[in-house]
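**Q** just a sequence and a predicted model for now, questions to come.
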Amino acid sequence: MKVTTKERVIEFRDALREAMCEEMRNDERVFLLGEEVAQYNGAYKVSKGMLEEFGARRVIDTPISESGFSGMSIGAAMRGLRPIVEFMSWSFSLVAADPILNNAAKMLYMSGGQFGCPIVFRGNDGAGGQLASTHSWCVESLYANVPGIKMAIPYDAYDAKGLLKTAIQDDNPVFFLESERLLSTKCHVPTEEYTVPFGKALVRRSGEDCTIISFGRPLHFCLEAAEELAKEGIDCEVIDGRTIRPLDIDSMVESVKKTNACVVVDQSWSFASVGSEIASQIHAQCFDDLDNHVHRVHSDDVPTPYAYNLEQAYLPNTRKVCEAVRQATYNS
Amino acid sequence: MPIEITMPRLSDTMEVGTILHWHVNVGDEVSAGDLLADIETDKATMELQSFDDGRVAELVISEGNQVDVGTVIAMLAEDDEAIVEETPEKPKPSIPKVTESAHRVSPVARRLAEEYGVDLLSVQGSGPSGRIIKRDILQLIDTASETTAAAQTTKVVPAEVVPSTVPVTPVQQVLPLAPTSPWQQNRSEPLSNMRQIIASRLVESKQTIPHYQVTMTFDMDPLLEMRKTLNEQLSKSGVKLSVNDFLVRCCALSMETNPEFNASFGGDCIHYHGPVNVGIAIALPEERGGGLVVGTIRNADQKSLRTISQESAYLSNKARETGLSPEEMGDTTFTISNLGMFGVDNFTAIINPPNSAILAVGAAIEKPVVRGGELVVGNEMSATLSLDHRVIDGAMAALYLKTLKELIENPASLLV
């Protein structure tokens, strides 16, 4: 798209707010609730000014009781409203596991189609930086295992807005995973309304030698690694999956058929993870096109450490991605 | 119960082995201790003996194939067991496993090989455990498309996948040369295990060790004279001392005052070795695949010329005939490479890691020399040390050569 006027550049958090505000203006059934979303403008200022615009009936401060307000919102969704539930952190969603996994995800199925659950659960996912093991959860692999939900992980402000609008409009429960580390990142976001569809991956860098697949925050390391590796003559294609359910495996397969090598970078733990699922599907669909098995980069198989240096060593990073690509392409 | 015979681990570092030759056929009776096969490891060719009595039921891996340690290579049937092939009721499921399973191939490399008609058995894999990977096939296709343009022998036919840029016919005009004899044809031969080891070890040595050389010339008259006398006197007892035997002893004795020459660079330290184990480079005959090995004369500083000579002859013969065992070529602390017998004046050698020095020895040559201000005819020999500068400095090298010179030019001391 050719932009003649000065491009509007906004922060990821502002893009999230724009998506919610636009949808709330367009549809009276949409409302936001969560801890400190109203009077405090959100723990991360995502909902800044929303109480003022939409009033206390549609921007609701809740007690610290995820199980309670999640369950209440699911009831509202079943009765025809379209709630957006903000978890201050997805780590706190674990206490609401029963309502979000047993009720939201299964309602349409268990009620024989009588009740749907058009609801968005959103909040920060992954290590925020020295938040220690109980507050640094990456829930994607844990929750993606459950049928009945959709899951989106935006990487930049443009996708944050476009994917969140799609999430709010969707008639199914959507788990929307943001990263605290990305909230202040900026990019061009058009003023006019748009949506980003689910299940359509984005090639963020094209290349010939190795496909790197990732979601959300670790894409930053993948793109950095690709630049680093280009200096060594290894030309990487970086694919942003954008949504985990639905998963755009077709785009990934198409890329691997071209490069013959694949590295999956997933910030959750490796055992029974999104990364292992993608690797398995690539192995099945690209068997005769692979020059090596799919290599994976994950967080280490321990609880997230608190110490800064240990946390850095534990998380996926540019060096680990480079090393995996070198191995996958027999350049180590 | 049939007995499985697996690829044995014949050295600490062995991961794969190649069956060079089966000494038995299916149906043969074997007893424990009988020779079954010759196996080429990363270090040497070794004999595989049977541990059990029985009859050979199956040779699972055929000659020339490489398999991982632990892979079943043959089956032995005990006395009254029927040999598998002889029981018609139970046809074996035809699992295509033998020849190609020895060759690891990545899926895309296999697919490309099929598309381009590349014979996988002719490809040397560069991946882990010799896995043939995409790069290997692409390189082969590249070189083949160059050579097919040159010589019309089309082994590689890029069927429907011809890249449009490859020139096809016009090149012929530029090639008026008549067909040449076989040795003039471009060809590639896969590396033997030994050549692979030589390639990787010497590249590692030359790239990681800061080599430099120091040369000295030695007056060989006294030593040659003493050798002649000794050989005449000892000919009846079958002793025939070579110049190299003297040099082994000289080099070994010189370690006492120059311990750095019997040492290895250890990263953050220098390892000084107690035993003086002198390696001698032995060239292998072409019919055994060529290459070279280094035989070890252990504790050479404590052995007489006669013992050194016997051991040296034993190692050379065994290396050339059946190959040396890892025992017979490990643990060297210093190496001598002698091309004097080929008439070479002088040359430089590459250090044999983890040694810190190697001596390259030329021929003793009759030439005009100045002795005490007089021009006379004498025998001189030039020898060049290659040194690891991390361990040995130039002055130390000079001192070692000086020690060596005193011994060589006053050889009587070698007798005591």
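**A** Great, that's in hand. Residues are numbered from 1 along each chain as shown, chains lettered A, B, ... in the order given.

**Q** report the contact partners of the residue lying closest to A:E35 once chain neighbours are set aside.
**A** Nearest non-adjacent residue to A:E35, counting by CB to CB, 6 or more residues apart in numbering or on different chains: A:M88, 5.2 Å away. The way it works is simple: take the backbone N, C-alpha and C, and place the C-beta from them, glycine included. For A:M88, the contact set (CB atoms under 8 Å, 6 or more residues apart in numbering or on different chains) comprises A:34-36, A:43, A:123-124.

**Q** and the end-to-end length of stretch B:7-21?
**A** This stretch, stretch B:7-21, spans 13 Å end to end (CA to CA, to the nearest Å).

**Q** still on that earlier bit, nearest to chain B, of the contacts of A:M88?
**A** Using CB to the nearest CB, A:N124 comes nearest to chain B of these, at 40.0 Å.

**Q** what about the helices in the chain?
**A** All of this is about chain A. Per DSSP state H, chain A carries helices over the ranges A:12-26, A:50-54, A:66-78, A:97, A:107-110, A:140-144, A:157-169, A:219-231, A:249-259, A:274-285, A:308-314, A:318-328.

**Q** that's the wrong chain, I meant chain B
**A** Using DSSP H, the helices found in chain B span residues B:98-101, B:107-116, B:134-150, B:193-208, B:221-234, B:243-253, B:305-321, B:326-329, B:394-409.

**Q** from those helices, which stretch is densest packed?
**A** Using mean count of other CB atoms under 10 Å in any protein chain shown, the stretch among those with the largest mean neighbour count is helix B:243-253, at a mean of 24.

**Q** using PDB, write out every CA atom in that one.
**A** Extracted in PDB, the C-alpha atoms of helix B:243-253 (Å, rounded to 0.1, in the frame of the first residue of the first chain):
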ATOM      1  CA  VAL B 243      68.900 -45.100   9.300                       C
ATOM      2  CA  ASN B 244      65.400 -44.500  10.600                       C
ATOM      3  CA  ASP B 245      66.000 -46.900  13.500                       C
ATOM      4  CA  PHE B 246      68.900 -44.800  14.600                       C
ATOM      5  CA  LEU B 247      66.900 -41.600  14.200                       C
ATOM      6  CA  VAL B 248      64.100 -43.100  16.400                       C
ATOM      7  CA  ARG B 249      66.600 -43.700  19.100                       C
ATOM      8  CA  CYS B 250      68.300 -40.300  18.700                       C
ATOM      9  CA  CYS B 251      65.000 -38.400  18.800                       C
ATOM     10  CA  ALA B 252      63.800 -40.400  21.800                       C
ATOM     11  CA  LEU B 253      67.000 -39.900  23.800                       C
END
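
**Q** mind listing residues that contact it?
**A** Contacts for helix B:243-253 (CB under 8 Å, 6+ apart): B:220, B:223-224, B:227, B:261, B:276, B:278, B:280, B:297, B:300-301, B:303, B:305, B:308-309, B:312, B:334, B:336, B:338, B:340, B:359, B:361, B:364, B:381, B:383, B:404, B:407-408, B:411, B:414.

**Q** could you rerun that using 6 Å?
**A** The contact list for helix B:243-253 (CB atoms under 6 Å, 6 or more residues apart in numbering or on different chains) reads B:223, B:276, B:278, B:297, B:300-301, B:305, B:308-309, B:312, B:336, B:338, B:404, B:407-408, B:414.

**Q** now do stretch A:299-317
**A** A:127, A:130, A:132-133, A:136, A:218, A:221, A:265, A:267, A:269, A:297.

**Q** what pLDDT is listed against B:W183?
**A** Per-residue pLDDT puts B:W183 at 66.
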